[in-house]
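J.: please work out how this folds:
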Amino acid sequence: MKNKIIINADDLGLSPGVNEAIYRAHNQGFLTHASLMANADFFEDAVDTIVSKCKNLNVGLHINLTCCKSLSKDNHIADKHGILSNTFIKLLFLHKNKKVLQSIENEIEAQLDRLKSNNIHISHIDGHEHIHIIPSINKIVKKIAQKHGIKRIREINEGVLKSFRFNFRTASFANIIKLFLLRFLSLFNSDTKKNTFYSILNTCEINEDNLFNYLENTQNETVEIMLHPSISKLDENYKNLDIRFLQFLQSDYRRQEYELCFSKKFENYEKAV
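T.: Residues are numbered from 1 along each chain as shown. Predicted coordinates:
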């Protein structure tokens, strides 16, 4: 029996190019899920032009603590202008005293509440740059998810040996390190292991060859596929982000992952909710 698949686009609301790519990939392609950034500049555009018009698109919260403006007050992980200019490593090693942990919880609650106030049914939770995998943050996320009745939190349980077997030749050194780090941190998170996650070893560099090489050699699993589609030309004049995110939006891999959403090979797999 072949796998069931969740085809999820991260970063909904981040930019015009991301929003338009997700809209087209869902309506004309095979995209089933998207993760929405509540504090991004194009959140309202995403709600008005995508979420409201794509009734079958499963929308989750993409917790964002590494860019854009904080939605909560007196946030101890934001700068003096209220901007969340963190990195995964900074948050990982940040001394998380009571005030810091409360700030993180308040910010996640504020982001979730913004989705709910726009009448969005939240199907799942994940994190921008995987910050929700950091164990101290993961505990907060699980507490909030339980409070709001959200059943699925993204788990980074990608099989190291399996991914290396099928996709090592296309993996970057940075993604190899990322996979080992996230898998190690996940050991402390009491994950359910209900779904299998695929994408870290080829993060932001997924194509038809490495994806289906993996899927065609696994069976009887529900696999979440994480993609970052965008139409880069629509973001050429958007500059209100750190340079690392602007470079990300202009990468040719954004177009590659956008085009992957239309692959007819997805017809061979059952879509999971």
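
J.: in stretch 69-84, what's buried?
T.: Under the neighbour-count criterion of 16 or more other CB atoms under 10 Å, stretch 69-84 has S70, L71, S72, N75, H76, I77, A78, L84 buried. For every residue, glycine as well, the C-beta is placed using N, CA and C.

J.: name the residues that touch that stretch?
T.: Counting contacts by CB atoms under 8 Å, 6 or more residues apart in numbering, the residues outside stretch 69-84 that touch it are 38-39, 64-68, 85-86, 91, 94, 99-100, 103-104, 106-107, 109-111, 114.

J.: which pair of the buried residues of stretch 69-84 spans the longest distance?
T.: In those, the most distant members under the criterion CB to CB are L71 and H76, with 14.2 Å between them.

J.: what's downstream of the worst-scoring helix or strand of the chain on mean pLDDT, the next helix or strand?
T.: Per-element confidence for the chain was summarised using mean pLDDT, DSSP states H and E. The lowest value among helices and strands belongs to helix 160-167, with a mean of 88. Downstream of helix 160-167, the first helix or strand assigned by DSSP states H and E is helix 173-186.

J.: who are the packing partners of that next one?
T.: helix 160-167 (3 or more CB pairs under 8 Å, 6 or more residues apart in numbering; DSSP states H and E).

J.: what packs against the least confident helix or strand of the chain?
T.: helix 173-186, helix 208-215.

J.: which among the buried residues of stretch 69-84 gets closest to A272?
T.: Top of the list for closeness to A272, among the buried residues of stretch 69-84 and by CB to CB, is L71 at 30.3 Å.

J.: how about the strands in the stretch 51-200 of the chain?
T.: When assigned using DSSP state E, counting those that start in this stretch, the strands of the stretch 51-200 of the chain occupy the ranges 58-63, 122-127, 152-153, 196-198.

J.: contact partners for the spatially closest residue to F168 that is not a sequence neighbour?
T.: The shortest distance from F168 to any non-neighbouring residue, by CB to CB, 6 or more residues apart in numbering, is to L201 (7.4 Å). With contacts taken as CB under 8 Å, 6+ apart, L201 has the following neighbours: E158, S163, F164, N167, F168, A171, N175, I176, L179.

J.: that older thread, format the buried residues of stretch 69-84 as TSV; extra columns: distance to V59 and pLDDT.
T.: Putting these into TSV (distance: CB to CB, whole Å; pLDDT from 0 to 100) gives the following:
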residue	distance to V59	pLDDT
S70	22	98
L71	17	98
S72	21	97
N75	24	96
H76	29	96
I77	25	97
A78	25	97
L84	21	97
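
J.: can you count the residues close to H148?
T.: The burial metric for H148, expressed as a neighbour count using other CB atoms under 10 Å, is 15.

J.: same question, R165
T.: 12.

J.: so it versus N213, what's the distance?
T.: When CB to CB, to the nearest Å is applied, the distance between R165 and N213 equals 9 Å.

J.: tell me the pLDDT of Q219.
T.: Listed pLDDT for Q219 reads 83.

J.: nope, E109 is what I was after
T.: Model confidence at E109, given as pLDDT, is 98.

J.: for the nearest residue to L57 once chain neighbours are set aside, what are its contacts?
T.: Beyond its immediate neighbours in the sequence, the residue positioned closest to L57 (CB to CB, 6+ apart) is H26, lying 5.0 Å away. H26 is in contact with T32, A34, I50, C54, N56, L57, counting by CB under 8 Å, 6+ apart.

J.: S136 and H95 touch, don't they?
T.: No. Between S136 and H95 there is no contact, the gap being 10.6 Å when judged by CB atoms under 8 Å.

J.: more neighbours: those two, which one.
T.: The residue with more neighbours, out of S136 and H95, is S136; 14 against 5, by other CB under 10 Å.

J.: distance check, K80 against L71.
T.: Counting by CB to CB, the gap between K80 and L71 amounts to 17 Å.

J.: packing partners of the lengthiest helix in the chain?
T.: When the chain is scanned for its longest helix (criterion: DSSP state H), the result is helix 98-117. Packed against helix 98-117, as judged by 3+ CB pairs under 8 Å, 6+ apart, are the following elements: strand 58-63, strand 122-127, helix 135-148.
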